[in-house]
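Enquirer: A predicted structure for the sequence below; I have some questions about it.
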2 protein chains.
Amino acid sequence: MRKGEQTRATILQAALELASQFGLEGLTIGRLADRVQMSKSGAFAHFGSREELQIAVLREYEQRFAREVLVPALPLDRGLQRLRGMVRNWLERTALEADSGCLYIACATEYDDRPGEVRDVLVAMIRAWQRELTRAIKQAVETGELLASTDAEELVFQLYGIVLVLHHDARLLKSEGAIDRAERAFERLIASYRASAAHRS
Amino acid sequence: MRKGEQTRATILQAALELASQFGLEGLTIGRLADRVQMSKSGAFAHFGSREELQIAVLREYEQRFAREVLVPALPLDRGLQRLRGMVRNWLERTALEADSGCLYIACATEYDDRPGEVRDVLVAMIRAWQRELTRAIKQAVETGELLASTDAEELVFQLYGIVLVLHHDARLLKSEGAIDRAERAFERLIASYRASAAHRS
């Protein structure tokens, strides 16, 4: 890595930590320069504007998310096994992040009434991840493991709810065992879509 | 209502609107004074400190929440009917609030890593609401409408997930039909705890 890239990576790492703590809107030039011990202009020379920095932080987060959640599940068999792998990685990451918080979730309430490019990028990332989940669900329908009547987008909605409540309970309420609850909720949900439950539909 | 109380109510209403828009941490003296067209000291004479104002806003929100979500469900028969009433009111309120946002949910990511009295008050309110839900679930077990094996706190966790994803999808993703999805998710969840599903457990 060349020196310019290295500095940029250092700044981005610090920005990601600050954003996890204070939100993307709390990511100020002053805080960032303090953290990396550079002048404000020095820190900002690597990004064109505060908005570009915020978007760079989101892109960095997206890459890490994909690397930890999606990629390790791709070698698994198509179908329920891969879907389960993706969701388990996602739940584990959400629980592990309980100290710093998921940037997507923290940003959701920050940007839901703040139109602009940062919001657009955030929404596009969440939708891209939901498309990956939708694809995995449809494959599990194709393998016959989930009912043919499964509405993939509806199931994604329900999965998202489990992750959101895990994040909420682990971080705000400091509930013990939130991850176990989330895993049981996931298995209960999947069971209700299993071909073996066909007599209920 | 006496003049002092009236002024206090006006300030509180403005503070609640500001908090819905900018978060409780975004509730600044300057913004509030601007909104009610008073001097900063005038606006603050009615509250001792910014923290007391934040807590007063939370208490006002809690009263409104109880009035719209819990109270209308209390005349319903104990058991599933009352639980369903509470959850439906909650879902409707969450969807209606899509323009302004639920203060509990917005505050969750604001305060999850911000210790202090505001956070403590927020957590106590959420726990109080969860206790109401737990009680309604236990009554539905007593009436035999939900399985005796129902873990009430686990079901509250799952219900919370549905409300969180409704809020997320309606506000951030602007998904059409999020409220219908949430209602179907609720009915699917309840069905998995119904006594008629006993053969599955």
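Expert: Thanks, I have it.
Enquirer: And the strands in chain A, which stretches?
Expert: Counting by DSSP state E, chain A has no strands at all.
Enquirer: By mean pLDDT, flag the weakest helix or strand of chain A.
Expert: Lowest mean confidence among the helices and strands of chain A (mean pLDDT, DSSP states H and E): helix A:40-44, at a mean of 84.
Enquirer: which residues sit against that one?
Expert: A:Ile11, A:Ile29, A:Gly30, A:Leu32, A:Ala33, A:Val36, A:Leu53 (C-beta atoms under 8 Å, 6 or more residues apart in numbering or on different chains). For the C-beta atoms, the positions are set from N, CA and C on the backbone; glycine is no exception.
Enquirer: got it, and stretch A:80-92?
Expert: So stretch A:80-92 is contacted by A:68-70, A:72-74, A:76, A:132-133, A:136-137, A:139-140, A:143, A:145-146, A:159, A:162-163, A:166, A:179, A:182-183, A:186, A:190 (C-beta under 8 Å, 6+ apart).
Enquirer: and if you look at stretch A:118-131?
Expert: For stretch A:118-131, contacts defined as C-beta under 8 Å, 6+ apart pick out A:24, A:51, A:54-55, A:58-59, A:62, A:65, A:70, A:104, A:107-108, A:111-112, A:153, A:156, A:160, B:172-173.
Enquirer: Domain map for chain A?
Expert: A:1-47, A:51-200 (automatic domain parsing).
Enquirer: Which residues of chain A lie near chain B?
Expert: Along chain A, the residues adjacent to chain B under the rule C-beta under 8 Å from any C-beta of the partner chain are A:21, A:23, A:99-101, A:105-106, A:108-113, A:122-123, A:126-127, A:154, A:157-158, A:160-162, A:164-165, A:168-169, A:171-173, A:178, A:181-182, A:184-185, A:188, A:191-192, A:197, A:200.
Enquirer: Filter these down to the ones in helices?
Expert: Among these, DSSP state H puts A:21, A:105-106, A:108-111, A:122-123, A:126-127, A:154, A:157-158, A:160-162, A:164-165, A:168-169, A:171, A:178, A:181-182, A:184-185, A:188, A:191-192 in helices.
Enquirer: For ChimeraX, write a command that selects the buried ones of those residues.
Expert: The ChimeraX selection below is limited to those of these classed as buried (16 or more other C-beta atoms under 10 Å in any protein chain shown):
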select /A:21,105,106,108,109,110,111,122,123,126,154,157,158,160,161,162,164,165,168,169,171,178,181,182,184,185,188,192
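Enquirer: gap between the spatially most central residue of chain A and A:Gln130?
Expert: By C-alpha atoms, centre = their mean, the mean C-alpha position of chain A lies nearest to A:Tyr104, the distance being 5.3 Å. Counting by C-beta to C-beta, to the nearest Å, the separation of A:Tyr104 from A:Gln130 is 11 Å.
Enquirer: for A:Cys107, same thing?
Expert: Relative to A:Gln130, A:Cys107 is positioned 15 Å away (C-beta to C-beta).
Enquirer: Specify which residue of the two has the higher count of neighbours.
Expert: The neighbour count for A:Cys107 versus A:Gln130, taken as other C-beta atoms under 10 Å in any protein chain shown, is higher for A:Cys107 (29 against 18).
Enquirer: Next up, the contacts around that one.
Expert: A:Cys107 neighbours (C-beta under 8 Å, 6+ apart): A:Gly23, A:Leu24, A:Leu58, A:Leu122.
Enquirer: if you set the cut-off to 6 Å instead, what comes out?
Expert: Going by C-beta atoms under 6 Å, 6 or more residues apart in numbering or on different chains, A:Cys107 touches A:Leu24, A:Leu122.
Enquirer: Tell me the predicted confidence for it.
Expert: At A:Cys107, the model reports a pLDDT of 90.
Enquirer: same check, this time on A:Ala198
Expert: 46.
Enquirer: ok, now A:Glu110?
Expert: What the model reports for A:Glu110 is a pLDDT of 88.
Enquirer: My read is that it contacts A:Gly23, right?
Expert: Yes. At 5.0 Å, A:Glu110 counts as touching A:Gly23 under the criterion of C-beta atoms under 6 Å.
Enquirer: any idea which of the domains of chain A is most buried?
Expert: Mean neighbour count (mean count of other C-beta atoms under 10 Å in any protein chain shown) peaks for domain A:51-200 among the domains of chain A, with a mean of 18.
Enquirer: from the middle of its chain, how far away would that one be?
Expert: On the basis of C-alpha atoms, centre = their mean, to the nearest Å, domain A:51-200 sits 7 Å off its chain's mean C-alpha point.
Enquirer: go on, stretch A:41-48?
Expert: Relative to its chain's centre, stretch A:41-48 lies at 27 Å (C-alpha atoms, centre = their mean).
Enquirer: Pull up the distance across it, start to finish.
Expert: One end of stretch A:41-48 sits 11 Å from the other (C-alpha to C-alpha, to the nearest Å).
Enquirer: Please apply the same query to stretch A:21-39.
Expert: By C-alpha to C-alpha, one end of stretch A:21-39 lies 21 Å from the other end.
Enquirer: Contacts for that stretch, please.
Expert: For stretch A:21-39, contacts defined as C-beta under 6 Å, 6+ apart pick out A:Ile11, A:Ala14, A:Ala15, A:Leu18, A:Ala19, A:Lys40, A:Ala43, A:Gln54, A:Ala106, A:Cys107, A:Glu110.
Enquirer: Show the average pLDDT along stretch A:72-85.
Expert: Mean per-residue pLDDT for stretch A:72-85: 98.
Enquirer: Send me that stretch as CSV with only the CA atoms.
Expert: What follows is stretch A:72-85, C-alpha atoms only, in CSV (Å, rounded to 0.1, in the frame of the first residue of the first chain):
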residue,chain,number,x,y,z
PRO,A,72,-18.5,-17.0,4.2
ALA,A,73,-22.0,-18.3,3.4
LEU,A,74,-21.5,-18.5,-0.4
PRO,A,75,-19.6,-21.9,-0.3
LEU,A,76,-22.5,-23.5,1.5
ASP,A,77,-25.1,-25.5,-0.5
ARG,A,78,-27.7,-23.4,-2.2
GLY,A,79,-31.0,-23.4,-0.3
LEU,A,80,-31.7,-23.4,3.3
GLN,A,81,-28.1,-24.1,4.3
ARG,A,82,-26.8,-21.0,2.7
LEU,A,83,-29.8,-18.9,3.9
ARG,A,84,-29.2,-20.1,7.4
GLY,A,85,-25.4,-19.4,7.1
